[in-house]
Structure formats: C-alpha cells, structure tokens
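[1] With the sequence up front, the predicted model follows.
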Amino acid sequence: MQGQAFIPMCPMTSADHLPLTLPDYHARAAEALQAEHAAYFLSGAGEGVTMRSNRRDFEAIGLRPQVLQDLRNGDTKLTLFGTQMAHPILVAPFAYQSLLDEGGETATAQGATAQEALMVLSAQSSQPMEEVRAQGGTCDWFQLYWQTNLDGTLMLADRAAKAGFQVLVLTVDAPVNGVRDDEMRTGFVLPDTVRPVNLDGLPQPVFDPLSEDDSFLFNRIAHVLPRWDDLRSFCEQSPLPVVVKGILTPEDATRAVKAGAAGVIVSNHGARVLDGAPSAISVLPNIVQALDGSVPVLMDSGVRRGSDVFKALALGADAVLVGRPVVCGLAVAGALGVSHVLRLLRDELEVTMALTGCRTLADITPDRVIPDAHRLT
Ligand SMILES: Cc1cc2nc3c(=O)[nH]c(=O)nc-3n(C[C@H](O)[C@H](O)[C@H](O)COP(=O)(O)O)c2cc1C
Ligand SMILES: CC(C)CC(=O)C(=O)O
C-alpha cells in the first residue's frame, strides 16, 4: 500500500467495540433490538418488494472511473436554502428514537452535529422539539404531517419556526399507514414511556359519523386528509419554506412546485408505505428532468453506501437523506454510533469521488454513472 493516498479514516473506527461497516451496524442492530422494535425500525411494508427494489436499483447502477484527474483542493460542500453544508448527507426524519437509545433524538442530533450533517427532526419525535433544538448544532429542519386541518398544521409549523427550525418538510406519502407484515407478526405497540410529545394539544382526527359507507377503510378519515389545495394554502401561510417529502412521479413533483413547494424529496418512505412502489433512485432522473432546476431535489430510500450518495447526485439529486443507517448507529452506540455511520458514508463518498476523478460535487455529472450496468459491456 506504499504511496497510496487514502482518505483519512476517522479515529472512531479504531474503537474495537464499534462495527466497522454499515452492513455490520445493521446486523448488530438487528441482533440487539427486541423483535417488535426491529420490525418497526428495520422492516418495510408488505413482503418487502419495494425494500428489495431500493437496494437492487442502486446496485444496478455502475460507476465510471476516471483516472489522472487533478484532485487538489477537493471538497463535498454545497449550499441548500441559503445554508452552507459540509456534505450532502442528511439525517432523515424518523419517529420515536427513544426506543433505540435513551438519549433519543438529542443523541442523534449530537451525532449528526459531530459530522456536520443536517438533521431533520420528525414531529413524531419522542422528545420535545425545543429540547432537541436547545442542544444547538445541525438539527435545523422540522418534518411534519398534515394535522387534521390547516390551523393545526400551522400551529405546529409556527411552533417549529419559534424553536428556530429553518425549513419545514411536509410528508405527503403516508395519508394512511402502510400494511406492515412484520409489525403485525411481532405485535409492535408503543410502550407508555414513549409517545409523540410534540402533538399534545393539536386537533385530533375525528371519525366522520356521517360517513355512509364504513366498510371502505378510509371513508371515515378521508375528510381530514390533505389535498392539493391544502398544500397550496399551507405553503402560502407557512412561516418557513416547505419541502414536500414523498414524491415518486414527475406529475406530482411539478404539481407540488406549482402549489408552492420550495423543494421536493423523492422518496418511498424507506419502503414503509406502499409495497410495490418504485424505488426512489429509479424515478429520480425523470423528476429532475421535469423540475429542470426550479427547486432543489433531494432523495432518500435505500442509501446504504457513500457510492449510493454519489449515484444519486450523478442522477440529479442535490442531496440525500439516510434513515435506517442512522437508526442502526443509534441503536448500537447512541450518539457515537450515529456519528460513526455518517463518517463512514462521508469517507465512502470521498473515496468514490477520488476514484471517479471528481474533485467537487459539481463534477459528479450523469456521465460518471452507467444507469444499467448489467446491459453494458
Ligand atoms: C422507523 C422509521 C420511522 C420513520 N418515521 C418517519 C416520520 O416520522 N416522518 C417521515 O417523514 N418519515 C419517516 N420515516 C421515513 C424516513 O424519513 C425516510 O424516508 C426513510 O427512512 C429513508 O429510507 P432508508 O431508511 O432506506 O434510508 C421513518 C423511517 C423509519 C425507518
Ligand atoms: C409515526 C409514524 C407515522 C412515523 C412514520 O412515518 C413511519 O413509521 O414510517
């Protein structure tokens, strides 16, 4: 290995109690978590068809090496919504983090901050948003669902703005829960000690007593589910820019931007909602093309390696979010684990950039990847 310049490995990797790779974190978390918690955090909807596509479609994309490029003064910096970021890897919003580590969302925020990774806090967090913000650091975006009506949703948004969050993420892909076979098999329920504390005092959905046909599952709640006009009103009245999360088609992406979205997140919710939905990476290029640079496009679902981050950027994403890798880091080693998995992803991205001859993110262009590597010789 003499003479080989390698990205400096982070000092934490020498701590022998920590897993060495992301797959090892996943294996350790799966082993350590109670079966019903593993089902909630790690599995997906139905039989896992979309879960498998999320990985398979990343794996099918090849990388085109490029040698002898000038790699001096490289970096992974970018600016999103006016904020300078050290790299394009964000922590995805995920609920009930105190089930994984007693430090909960605060521990995740500490780990993310150590790696200069922007964190999106879920409204369904197990700790109050103000408490997580009070740590300082990089937990700057807040994710919420529609809260029964516009007033309830704005109440939550205003509170987040007051707490100092800078961007809101409105998730639109889960008006009802997905069918999650593994959760049903293991009987996952929240314990009394963990609950979505931020939602206290907000309007709760009232089942429609006038609904004529109760035999059809969502008839009784459809009147409190958001529609396009609601998104438009929310974007107009929101105190902060609204990024819409959970978009999988160019039509919906275009419509979201017309309704006032400041950005979109191409996502299938980590394969947790509609089993059979396409992988996010497979639909990304068409959405990027349809939006034509009008707003930032982020993506998540299935990112497991730094090379996946690279592939998503090459196909037009401005940044990516990671869910399960952070789940596993938190479950295995709290804040340190979160920081370590993010560091591993950063290192892998930097290595991939070096080996494909990309000095900065701007160099990661579509010609650096082979969309369907199996078909090319
Ligand atoms: C346990 C768990 C809980 C989640 N909770 C939320 C949530 O509260 N709000 C939301 O928008 N997305 C939620 N997500 C989806 C993530 O934000 C993200 O879209 C997904 O995890 C990305 O896929 P990945 O896990 O393959 O990286 C959750 C994901 C997991 C695994
Ligand atoms: C509390 C849930 C709605 C959080 C979520 O989005 C999920 O479990 O995927």
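    Received the coordinates, thanks. Numbering: from 1, shown residues only. Ligands and ions are numbered 1, 2, ... in the order given.

[2] Please see if stretch 337-349 touches ligand 1.
    No: shown here: stretch 337-349 not in contact with ligand 1 (C-beta under 6 Å from any ligand atom), separated by at least 10.8 Å. Glycine gets a C-beta too; all of them are placed from N, C-alpha and C.

[3] Need the residues that contact that stretch.
    Outside stretch 337-349, the residues that touch it by C-beta atoms under 8 Å, 6 or more residues apart in numbering are 7, 9-10, 12-13, 18, 21-22, 25, 76, 87, 89, 91, 107-108, 110-112, 114-115, 117, 303, 305-307, 309-310, 322, 325-326, 328-331, 333.

[4] For the stretch 251-377 of the chain, which residue gets nearest to ligand 2?
    For the stretch 251-377 of the chain and ligand 2, the shortest gap (C-beta to the nearest ligand atom) falls at R272, measuring 4.4 Å.

[5] Just give me the neighbour total for that residue.
    24 (other C-beta atoms under 10 Å).

[6] contacting residues for it?
    Taking C-beta under 8 Å, 6+ apart, we find R272 in contact with G44, A45, A174, G178, R180.

[7] need the helices for the chain, in chain order.
    Assigned by DSSP state H, the chain shows helices spanning 22-32, 35-42, 49-59, 104-114, 129-133, 150-163, 181-186, 228-237, 250-258, 280-291, 306-314, 324-355.

[8] Could I get these in CSV, plus columns for distance to S122, mean neighbour count and mean pLDDT?
    Shown next, in CSV, are the helices of the chain (distance: least, C-beta to C-beta, whole Å; neighbours: other C-beta atoms under 10 Å; pLDDT from 0 to 100):
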stretch, distance to S122, mean neighbour count, mean pLDDT
helix 22-32, 18, 17, 98
helix 35-42, 13, 19, 97
helix 49-59, 20, 20, 98
helix 104-114, 8, 25, 98
helix 129-133, 9, 20, 97
helix 150-163, 11, 18, 98
helix 181-186, 17, 16, 93
helix 228-237, 18, 16, 98
helix 250-258, 20, 18, 98
helix 280-291, 18, 21, 98
helix 306-314, 21, 26, 98
helix 324-355, 12, 24, 98
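
[9] would JSON lines of these with distance to ligand 2 be doable?
    Compiled in JSON lines, the helices of the chain are given as follows (distance: least, C-beta to the nearest ligand atom, whole Å):
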{"stretch": "helix 22-32", "distance to ligand 2": "16"}
{"stretch": "helix 35-42", "distance to ligand 2": "7"}
{"stretch": "helix 49-59", "distance to ligand 2": "13"}
{"stretch": "helix 104-114", "distance to ligand 2": "13"}
{"stretch": "helix 129-133", "distance to ligand 2": "15"}
{"stretch": "helix 150-163", "distance to ligand 2": "14"}
{"stretch": "helix 181-186", "distance to ligand 2": "9"}
{"stretch": "helix 228-237", "distance to ligand 2": "18"}
{"stretch": "helix 250-258", "distance to ligand 2": "18"}
{"stretch": "helix 280-291", "distance to ligand 2": "15"}
{"stretch": "helix 306-314", "distance to ligand 2": "20"}
{"stretch": "helix 324-355", "distance to ligand 2": "11"}
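
[10] Go through the ones you listed and name the closest to R195.
    In terms of C-beta to C-beta, the element of these nearest to R195 is helix 104-114, at 11.9 Å.

[11] Could you check how far V303 is from P325?
    Distance of V303 to P325, given as C-beta to C-beta, to the nearest Å: 8 Å.
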